[in-house]
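> how would this look folded up:
(one chain, ligands or ions: 1)
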Amino acid sequence: MRVVCIAFLLLIMLITAAGKATAQETPTPVATGTPRPTPAATPTPRSLLRPGRVWPTPDPSQAHEHFWLARPFAPPAEDDIEYWYPYGSTGAGQYLIHHGVDIGNPMGTPILSVAPGRVIVAGEDLTTTYGLTTNFYGRLVVVELNQRWNDQPVFVLYGHLQTAAVTIGQEIQTGDRIGTVGMAGIALGPHLHLEVRVGKNTYDSVRNPDLWLRPFSGQGLIAGRLIDDKGRTWPEARILIYKAERRDRIWRELYTYVDDPSISPDDAWGENFSIPDLLAGDYVLETKIGNRLETLPVTVRPGEITFVIWQIPADGSSLPSPTPRAPRPTYPPPMRRPLPML
Ligand SMILES: [Zn+2]
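Take a look at the predicted model:
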């Protein structure tokens, strides 16, 4: 929320990411303060959605929360996940697919280990590719956790660091210092990019960190599966979130995961969207598929995932009418948002 940047810089950096595998990014001082969205960062609403692949269907009633990860910052540092650029999204087609989550903090803010494990990567990625290209995370730390998931290793990646405070082979505990916040590699401003990888330490083995990070006291999260009547995902569908008592004000918005093989749902939940860091209470989700406007009331409980399976047919014919709601002159425009951080 602190990055003030200009649109062409984003363009240049994306071109650099795609075309110059060994590009040297020179950290540039970035102004901090109230973020100002740029015109180029305002997404165009997508009115035509096509269903994606048939989605995995683990039974969420059998799933249990697996909040293995502590938060990577201590007060007074910012600890909220930047919700406008969630895991699996592209910011409405404008940015690279996000394989993790971002937490913004000033350069040099200490980053703390989120779980016990052993450091397997610490340093720059100039010669070894851990992301889309080399010099993608700039300076990173990868920790293989002591705990395994269904007999598979679990990795946590900390990216864009200014400094790394650990070395390969080091055993670390929750809360140990990993390094400091930077903007190394492909980053538009100082922030931590956090990834969870299951099975292999590769770019396409990621899972949504929202579902692994322990909620703050009094907060929970919503996760869900937005699918059509044939079990196919609705990719990059825009979902608006309202507090139940404030239907006149968009509380948050997000996009469901892209339809891309590098983005997988959680093995336990099978979600294609999540909304972290929500105070317990009643909310209403709203989405528009074609001309069909649907709403869904959801209750968030502290320390839990509220999981919803939200099925909207492709032809709009086989479901009951959407929840009645007050008419609105026009569908609200996208929220103005700061530049995402990659
Ligand atoms: Zn990121």
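
> residues near residue 204, how many?
Residues near residue 204, counting by other CB atoms under 10 Å, number 12. Every C-beta, even on glycine, is put in place using the N, C-alpha and C of the backbone.

> mind listing what it touches?
261, 262 (CB atoms under 8 Å, 6 or more residues apart in numbering).

> run the last query once more with 10 Å
99, 197, 260, 261, 262, 263, 264 (CB atoms under 10 Å, 6 or more residues apart in numbering).

> so it, which state does it fall into?
coil (DSSP: H, G, I helix; E, B strand; the rest coil).

> for residue 163, see how far away it is.
From residue 204 across to residue 163, the span is 28 Å (CB to CB, to the nearest Å).

> what do you get for residue 61?
45 Å.

> these two: who's more crowded?
residue 163 (15 against 6).

> which residue is the nearest non-sequential neighbour of the residue in the chain positioned nearest to the ion?
Across the chain, no residue is closer to the ion than residue 193, which sits at 3.4 Å (CB to the ion). Spatial nearest neighbour of residue 193, excluding adjacent residues (CB to CB, 6 or more residues apart in numbering): residue 159 at 3.8 Å.

> so what's that neighbour up against?
Listed by CB under 10 Å, 6+ apart, the contact set of residue 159 reads 99-100, 102, 125, 130-131, 136-142, 182, 184-187, 191-195, 342.

> show me where the stretch 1-150 of the chain dips below the pLDDT cut-off.
Across the stretch 1-150 of the chain, residues meeting the criterion (pLDDT under 70) sit at 1-48.

> what segments of it are strands?
Using DSSP state E, counting those that start in this stretch, the strands of the stretch 1-150 of the chain run over residues 101-104, 110-112, 117-124, 139-145.

> now the longest one, how far from the centre of its chain.
The gap between where strand 117-124 is centred and where its chain is centred comes out at 22 Å by CA atoms, centre = their mean, to the nearest Å.

> other SSEs contacting that strand?
Applying 3 or more CB pairs under 10 Å, 6 or more residues apart in numbering; DSSP states H and E, one finds that strand 117-124 contacts strand 139-145, strand 154-159, strand 161-164, strand 171-172, strand 177-181.

> what lines up beside the first one in the sheet?
In the sheet, strand 139-145 lines up against strand 117-124 (antiparallel), strand 154-159 (antiparallel) (DSSP bridges).

> most neighbours per residue, which of those strands?
Most buried of the strands paired with strand 139-145, by mean neighbour count (mean count of other CB atoms under 10 Å): strand 154-159, with a mean of 25.

> return the distance of it from the chain's centre.
From the chain centre to the centre of strand 154-159 is a distance of 14 Å (CA atoms, centre = their mean).

> ok, stretch 150-163 next?
On CA atoms, centre = their mean, the centre of stretch 150-163 falls 15 Å from the chain's centre.

> report the contact partners of residue 129.
Contacts of residue 129 (CB under 10 Å, 6+ apart): 21, 135, 136, 137, 202, 203.

> of those residues - the most surrounded one?
Most surrounded of the contacts of residue 129: other CB under 10 Å gives residue 137, at 29 neighbours.

> and the angle for whatever helix or strand the residue of the chain closest to the ion lives in with strand 139-145?
According to DSSP states H and E, residue 193 maps onto strand 191-198. Strand 191-198 and strand 139-145 are oriented at 40 degrees to each other (axes from the mean of the first three to the mean of the last three CA atoms, to 10 degrees).

> could you give the mean pLDDT of strand 191-198?
The pLDDT scores in strand 191-198 average 98.

> now it: buried residues?
Within strand 191-198, the residues scored as buried using 16 or more other CB atoms under 10 Å are 191, 192, 193, 194, 195, 196, 197, 198.
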